[in-house]
Each structure stands twice: as structure tokens, then as C-alpha cells.
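# pasting the sequence and the predicted model now:
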Amino acid sequence: MEQTALRPKPMPGQERRDDGTAGPAHRPHAAPRRGRRLRAVLPALCAGIVLLFAGVGIGTVGATVIGMSRLAELQRQAQG
């Protein structure tokens, strides 16, 4: 009997092997994915730390300016 031109598709999760039999698909190792994720998380973490320190710096400068203006006001009141 002849081989038919139409071959049945393998079930999802299975691939055809070289010998023609179907078996479970070869799953790639997770290490390359983990490496890509690490390369994406590290710059994001660094950017977050920079933004955090920038916010702390801006807050400190703002508090200093407000404190200096109150100190200057108290000094004017004491002199005048």
C-alpha cells in the first residue's frame, strides 16, 4: 500500500522524530531564559535606585531650603 500524501499532524506537545515516530517534544533548558531575564532586571533595578536617590536628594534640598527660610525669618524677627 502506498504512503499517503497527507500525514496526520502530531498532537500538541509532540514532534515527529527522525525515525517517524511521535514522542514528547524536547523542551529547551531554562538557563538562557533566566539569563535574559537577569539582563533585563539589572538595568531596571539600577534605574530604580537612581530614581530613589534622586528623590531623596530633591526632598533633602527642599527641606533644607524651607528650614533656611524659616531660620532667616526668625533672625529677622529677632533683629527687628
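Great, that's in hand.

# give the rounded mean pLDDT of stretch 63-78.
Averaged over stretch 63-78, pLDDT sits at 87.

# ok, then the element right after the helix or strand bottoming out on mean pLDDT in the chain?
Here the helix or strand of the chain ranked lowest by mean pLDDT, DSSP states H and E is strand 22-24, holding a mean of 55. The C-terminal neighbour of strand 22-24 among helices and strands, as given by DSSP states H and E, is helix 31-79.

# residue ranges in the protein under the pLDDT threshold?
Counting by pLDDT under 70, the chain shows low-confidence ranges at 1-5, 14-33, 80.

# list the contacts for residue 68?
Residues near residue 68 by C-beta atoms under 8 Å, 6 or more residues apart in numbering: none. Every C-beta, even on glycine, is put in place using the N, C-alpha and C of the backbone.

# ok, it to residue 58 distance?
In this view, residue 68 and residue 58 are 16 Å apart by C-beta to C-beta, to the nearest Å.

# next: residue 67.
Residue 67 is 15 Å from residue 58, by C-beta to C-beta.

# swap in residue 70?
According to C-beta to C-beta, residue 70 stands 19 Å off from residue 58.
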